[in-house]
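Visitor: Next input, structure requested:
(4 chains)
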2 protein chains.
Amino acid sequence: MPDPRRPITVALVDDYDVVLLGVAKIIDQYRDRVVVAEIDTNKPVRDDVDIVLYDSFAQPESDHHEIGALVRNPNARRVVVFTWNFHPDLIAKAREQGVRGYLSKALPARELVAALEKVHAGEFVVSEVAGRVRPANGLDWPGRGEGLTDRESEILALITQGLSNADVAAQTYLSPNTVKSYIRSVYRKIGAASRTQAVLWGVDHGFVPDHHRIDHWRGGP
Amino acid sequence: MPDPRRPITVALVDDYDVVLLGVAKIIDQYRDRVVVAEIDTNKPVRDDVDIVLYDSFAQPESDHHEIGALVRNPNARRVVVFTWNFHPDLIAKAREQGVRGYLSKALPARELVAALEKVHAGEFVVSEVAGRVRPANGLDWPGRGEGLTDRESEILALITQGLSNADVAAQTYLSPNTVKSYIRSVYRKIGAASRTQAVLWGVDHGFVPDHHRIDHWRGGP
DNA sequence: GACGCTACCCCCCCTAGGGGTGTACCGCCC
DNA sequence: GGGCGGTACACCCCTAGGGGGGGTAGCGTC
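Guide: Sure thing, here's the model as predicted:
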């Protein structure tokens, strides 16, 4: 039952807290309407929240069971996917599993918050951003400071989890050739001569999945 | 000038402190004759010591300049190499660089201490252990608890530093085929399906080189 | 003496990974 | 308009790495 006087509470889910902190900062600009109640890297959602926002960074897309597990968690009223990939199949699979919103990472803060409100009000929302392919302002990812793009970062993250190129291609819905292109581009940027060296760089630069729960996030320090 | 009433002071040098702590415990059985004054992983020797004991675990053998740097350090009176590899060339190279002792890792504690005393007295000591190929009691290495042998551990350590198989072969004086055999044996033991996974396992199990200096080690707790 | 373990080495085979280069489409900025 | 950066993909080629064997030797233990 939406209560317009109380802000919507949201839990953020992904393996990387840099990524979630970026999202949290974006949402925090509208803290009178949406508050981030919990940030979970590799931990189940614990507090009762109105919406769980599942960030797809280096995560399985909605054709996998992870999403279903979130939907089944009684602490989460509704689950929303936050991603780049708008393949119709994925949207359909998400819907089948009970997801209530499918939002683009290109959405500016205002629209993101508006979409969350619609979901909270009971709508099923798909908000693809046509044309706008660039990440929304405020998004963050590991290696961003070192000049890696969002996609490069994601692929290095998956490699740093021990996946093969084929695994990465499957999970990201990219062609194996594309994955190789990104990997080589990463090597050049970080100065790695081999996958092993890239992984070691990753370990030192925040590409190892986190395992925390941050409760009551309120805009940081 | 050896003083029989004062125990010999020793600094231990290697990239892995598990390894050095093992050596320290061995020597500590004779603490009235030899004391471990300092344990250095990736740090130059700082205290004045009578002998620097260079453990060759996952380190360049004496054909490289690392040894020369130790000999040139004014804090170190004499440098001793502690290794498995007794190729005559390596012994010669060590001698050329100013090393005063070349001791086998198969030496039991008593003989090791005796050899250190001889070095301290001014002798050049080479103590190869014919036949006895097994590590002396008390030696330790990363992954030992998980069932890796000394050699397997050493090779995983080098891989976890980003070296290629060829690099590892060159540094360990093994054939590339042998290196591959060891690697596969490690994979089986730790359950890795790829080099990347093995490296990640290594990162989690103490195979990343340390960077400490432990002063005044006195037999631990 | 047989057995098991470890170190060390060899061969073959085959795929995953690494490198080069080129293309297309998009959006942004000067 | 042109240039640049990002995404996404294609083709080629070639080597490092991974998987399967098998073999010798020395040691320790039963």
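
Visitor: Is the strand or helix carrying A:Ala94 in proximity to DNA strand D?
Guide: According to DSSP states H and E, A:Ala94 maps onto helix A:88-96. No: judged by C-beta under 7 Å from any atom of the strand, helix A:88-96 and DNA strand D are separated, with a smallest distance of 12.7 Å. Quick note: C-beta positions are derived from backbone N, CA and C, even for glycine.

Visitor: Could you look up the SS state of A:Thr9?
Guide: Using DSSP: H, G, I helix; E, B strand; the rest coil, the structure places A:Thr9 in strand.

Visitor: picking up where we left off before, quick check, distance from the helix holding A:Ala94 to the centre of its chain.
Guide: When C-alpha coordinates are averaged (C-alpha atoms, centre = their mean, to the nearest Å), helix A:88-96 and its chain have centres 17 Å apart.

Visitor: what's next to it, contact-wise?
Guide: Contact partners of helix A:88-96, identified using C-beta atoms under 8 Å, 6 or more residues apart in numbering or on different chains, comprise A:61-63, A:67, A:81, A:83, A:102, A:124, A:126, A:173.

Visitor: How much space separates the most centrally placed residue in chain A from DNA strand D?
Guide: What sits nearest the mean C-alpha location of chain A, by C-alpha atoms, centre = their mean, is A:Asp55, with 1.8 Å. From A:Asp55 across to DNA strand D, the span is 15 Å (C-beta to the nearest atom of the strand, to the nearest Å).

Visitor: Quick check: that residue vs A:Ala106, distance?
Guide: From A:Asp55 over to A:Ala106 the distance is 14 Å, taken as C-beta to C-beta, to the nearest Å.

Visitor: go on, A:Asn75?
Guide: A:Asn75 is 29 Å from A:Ala106, by C-beta to C-beta.

Visitor: Quick check on the two: which one has the bigger neighbour count.
Guide: Using other C-beta atoms under 10 Å in any protein chain shown as the criterion, A:Asn75 and A:Ala106 rank with A:Ala106 on top: 19 against 14.

Visitor: Tell me, domain by domain, which residues of chain A belong where.
Guide: As given by automatic domain parsing, the domain ranges for chain A are A:8-138+A:210-215, A:150-204.

Visitor: Please tabulate the ones you listed in CSV, including the columns distance to B:Leu112.
Guide: Formatted as CSV, the domains of chain A follow (distance: least, C-beta to C-beta, whole Å):
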stretch, distance to B:Leu112
domain A:8-138+A:210-215, 43
domain A:150-204, 34
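
Visitor: Can you show me the helices along chain A?
Guide: A:17-28, A:65-72, A:88-96, A:109-120, A:150-159, A:165-172, A:176-190, A:195-204 (DSSP state H).

Visitor: Run the chain-centre distance for the fourth one.
Guide: This means helix A:109-120. With C-alpha atoms, centre = their mean, you get 16 Å for helix A:109-120.

Visitor: Is that helix positioned near DNA strand C?
Guide: No: Helix A:109-120 stays out of contact with DNA strand C when judged by C-beta under 7 Å from any atom of the strand, the minimum separation being 14.4 Å.
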